[in-house]
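**Student:** Output the structure for:
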Amino acid sequence: MRNILYLLQKEFLHIFRDKTILPIIFVVPFIQLIVLIYAVSFDIKNIKMVVVDKDLSDVSMKLTDKFVGSKFFKIVDQRKNEQEAIDLIRSNKADVAMVIPHNFENNLQRDKNVEIQFLLDAVNQTKASIANLYGQKIVSSFNKKIIADFADFNDLLTINSLKTIKTEPRFWYNPQLNYKIYMFPGILVILVTMIGMMLSAFNMIREKEQGTIEQINVTPIRKHQFIIGKILPFYFIALWDLALGLTLGYALYHIHYVGSFFTLWVITSIYLVIILGFGLLISTIAKNRMQVMFIVWFFFMIFILMSGLFTPAESMPRWGQIINYANPLAYLIRLYRLVLLKGSSLVDVYKDVVSLIIYGIAIFSIAILRYRKTA
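**Tutor:** Reported below is the predicted structural model:
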């Protein structure tokens with residue numbers, strides 16, 4: 001125990017003297033949790049729209065005003081024909097074009113069907129589909145108002161006498177559908193993962209680069225003591241960054257955590273065993289920090305893209321979902337969202353917790369065996 005305490009003291013001194021590690025510990029959390037939360041968002045606003053109004057009637061102008069008053073659309077131009085609007089979309093000066101046909105108002109008054117055309121730039125499929133949905137809702141709202149405006153007195157009596165079904169949606173756990181609340185747990189997972197995996201691997205590889213690993217191997221320090229002394233500081237640092245992130249989430253984004261912090265600590269502690277084991281395993285494979293960077297980046301990108309951070313993991317093909325069982329980020333992002341936003345307990349998420357425990361034992365055992373082989 002005394003040897004481990006001496007090693008911990010030595011490691012913390014090295015960490016706080018290293019000018020490359022300190023910014024990662026103290027600056028990166030602020031950048032990730034402040035910048036990424038706003039940058040990584042599926043809230044689509046300021047969609048550039050060009051209007052082709054062939055009717056130039058009072059009703060067509062009212063429809064255009066509906067889009068002008070929307071916070072989602074920004075009218076950037078008005079053209080006389082579709083080809084001019086298409087040219088603007090091709091030159092990336094517009095995202096969507098709305099074409100209002102001739103005799104738009106007259107056909108509405110004569111109770112004829114009228115079609116409005118939307119031309120969308122679908123290079124960004126997500127933006128195009130959401131813009132189309134927003135446009136349909138605005139037109140649908142305008143259509144209801146026009147029906148009431150054009151109806152005569154008898155029609156109004158008939159309309160008012162009809163009993164209609166009204167739907168009132170209620171969203172649990174995120175009533176305002178605030179995307180920052182949805183993204184925050186995922187960004188927090190990335191922060192904890194980066195601190196645990198990258199810094200622990202860097203710390204181990206530094207002994208190789210400085211040539212001190214051979215000196216340590218001939219000392220009375222046992223290998224398990226050396227490993228504990230090397231990775232334990234980053235366990236505490238990761239937990240400190242987690243606490244910092246939760247504080248920033250409450251202070252900046254007003255996220256009210258409904259789950260137990262003890263449950264969160266237990267889950268994070270198990271997860272850190274996996275990530276620190278990954279860091280140890282990478283340090284036994286790599287020979288310098290550059291190789292560590294490439295290996296960490298390779299696994300990190302795959303883990304993030306398949307984790308369900310941006311899109312539901314259930315949307316992946318079946319083979320991708322099977323591979324995702326080996327993705328630790330997928331477990332923790334799901335668990336963080338369940339605990340922080342829904343208030344799930346360990347009993348509710350015991351299957352994922354058991355999977356993390358098995359995963360942690362397996363990866364850490366492989367890392368220790370690999371270290372003993374190459375040390």
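**Student:** could you measure S345 against S260, distance?
**Tutor:** 7 Å (C-beta to C-beta, to the nearest Å). In short, each C-beta sits where N, CA and C put it, glycine included.
**Student:** Repeat that for V189.
**Tutor:** Taken as C-beta to C-beta, the span from V189 to S260 is 18 Å.
**Student:** Tell me the pLDDT of the residue nearest to Y253 when sequence neighbours are not counted.
**Tutor:** Take Y253 and drop its neighbours on the chain: the residue closest to it by C-beta to C-beta, 6 or more residues apart in numbering is K180, 5.2 Å away. K180 is assigned a predicted lDDT (pLDDT) of 82.
**Student:** neighbours around K180, how many?
**Tutor:** 18 (other C-beta atoms under 10 Å).
**Student:** What helix or strand is it located in?
**Tutor:** helix 179-194 (DSSP states H and E).
**Student:** And for Y250?
**Tutor:** Judged by DSSP H and E, Y250 forms part of helix 223-253.
**Student:** and that helix, how far from the chain's centre?
**Tutor:** Centroid separation for helix 223-253 versus its chain: 21 Å, with C-alpha atoms, centre = their mean, to the nearest Å.
**Student:** What residues sit buried inside it?
**Tutor:** 225-227, 229-235, 237-239, 241-242, 244-246, 248-249, 253 (16 or more other C-beta atoms under 10 Å).
**Student:** and the gap between D348 and K342?
**Tutor:** In terms of C-beta to C-beta, D348 sits 8 Å off from K342.
**Student:** Just say helix, strand or coil for Q78.
**Tutor:** Secondary structure for Q78, judged by DSSP: H, G, I helix; E, B strand; the rest coil, is strand.
**Student:** Now do the contacts for the nearest residue to it once chain neighbours are set aside.
**Tutor:** Of all residues not flanking Q78 in the chain, V51 sits nearest, at 4.8 Å (C-beta to C-beta, 6+ apart). Going by C-beta atoms under 8 Å, 6 or more residues apart in numbering, V51 touches 64, 67, 75, 77-79, 97-98, 100.
**Student:** neighbours around D18, how many?
**Tutor:** Each residue near D18 was counted by other C-beta under 10 Å, and the total is 16.
**Student:** Give me the local confidence score for it.
**Tutor:** Residue-level pLDDT assigned to D18 equals 73.
**Student:** Equivalent analysis for D95, please.
**Tutor:** Note for D95: predicted pLDDT of 92.
**Student:** ok, it - contacts?
**Tutor:** Counting by C-beta under 8 Å, 6+ apart, D95 has contacts 47-49, 89, 120-121, 127-128, 131.
**Student:** mind listing which of those are in helices?
**Tutor:** Among the contacts of D95, the members found in helices (DSSP state H) are 89, 127-128, 131.
**Student:** Report the lowest-confidence entry in those.
**Tutor:** K127 (83).
**Student:** Hmm, it is touching I47, no?
**Tutor:** Yes - using C-beta atoms under 8 Å, K127 is in contact with I47, at 7.4 Å.
**Student:** Which of those two has more residues huddled nearby?
**Tutor:** Applying other C-beta under 10 Å to K127 and I47 shows that I47 carries more neighbours, namely 22 against 17.
**Student:** Identify the residues contacting the more buried one.
**Tutor:** Counted by C-beta under 8 Å, 6+ apart, I47 has contacts 72-74, 95-96, 127, 131, 134.
**Student:** out of those residues, which are buried?
**Tutor:** 72-73, 95-96, 127, 131, 134.
**Student:** how about those, which pair is most distant?
**Tutor:** Using C-beta to C-beta, the buried ones among the contacts of I47 span at most 12.3 Å, a distance reached by F73 and K127.
**Student:** what's the domain layout of this structure?
**Tutor:** Domain segmentation of the chain under automatic domain parsing yields 2-40+178-374, 47-161.
**Student:** Need the buried ones from the contacts of V51 selected in PyMOL.
**Tutor:** Per 16+ other C-beta under 10 Å, the buried members of the contacts of V51 correspond to this PyMOL selection:
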select buried, resi 64+67+75+79+97+98+100
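**Student:** With distance to V139 added, can I get the contacts of V51 in CSV?
**Tutor:** Below are these laid out as CSV (distance: C-beta to C-beta, whole Å):
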residue, distance to V139
T64, 11
F67, 9
I75, 15
D77, 20
Q78, 18
R79, 19
A97, 14
M98, 9
I100, 11
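**Student:** and which of the contacts of I47 is nearest to A85?
**Tutor:** A85 lies nearest to V96 out of these, by C-beta to C-beta, at 9.2 Å.
**Student:** The closest one: what's it in contact with?
**Tutor:** V96 neighbours (C-beta under 8 Å, 6+ apart): 47-50, 73, 89, 118-121, 128, 131-132, 135.
**Student:** change it to 7 Å
**Tutor:** 47, 49, 118-121, 131, 135 (C-beta atoms under 7 Å, 6 or more residues apart in numbering).
**Student:** Then M316?
**Tutor:** N324.
**Student:** And the pLDDT at it?
**Tutor:** Reported pLDDT for M316: 84.
**Student:** Which ones among the contacts of I47 map onto strands?
**Tutor:** Applying DSSP state E to the contacts of I47, the entries found in strands are 73-74, 96.
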